[in-house]
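# missing the sequence, but the structure's below:
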């Protein structure tokens, strides 16, 4: 069954809405990428308007910026430390925007959206 980003079948109080029309193509969604840590694997996805998104399935390196020196370098990701999107993602080493990862340069917070941008950008913290 397709994933829809349209209005749900029920209201906030639980009553059912009457179906006034079918799903539209622009309301369709996709399952999340759930980007993991490992050798780089990516998948290109066609979007509306003939554009493309790069779904990052797994990634080994991150572009980490040091806020003090304003320099960025490519460092290896060791593990996921915390994830505000879902606490269970930490056990599975799934990285999303806002998650904190352990790298060779230290702790870093992810600023990009790996499942949509196809790249892992992060900023060093402490």
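Great, that's in hand. Because the structure is predicted, anything quoted here is derived from the model rather than measured.
# what are the phi and psi values for residue 89?
Summarising the backbone geometry of residue 89 under the convention degrees, to the nearest 10, its torsions are phi -60, psi -30.
# I am assuming residue 23 contacts residue 5, so please confirm or correct that.
No - with contacts defined as Cβ atoms under 8 Å, residue 23 does not count as touching residue 5, sitting 9.7 Å away. In this view, the C-beta of every residue, glycine as well, is placed from N, C-alpha and C.
# would you list every one of the helices in the protein?
Remark: helices assigned in the chain by DSSP state H are 114-117.
# Look through it and report the residue furthest from the middle.
When distances to the mean C-alpha position of the chain are computed (Cα atoms, centre = their mean), the maximum falls on residue 18, with 33.8 Å.
# Please read off the pLDDT at it from the model.
What the model reports as pLDDT for residue 18 is 93.
# how close does it get to residue 25?
Going from residue 18 to residue 25 by Cβ to Cβ, to the nearest Å gives 22 Å.
# same deal with residue 37?
If you go by Cβ to Cβ, the gap between residue 37 and residue 25 works out to 34 Å.
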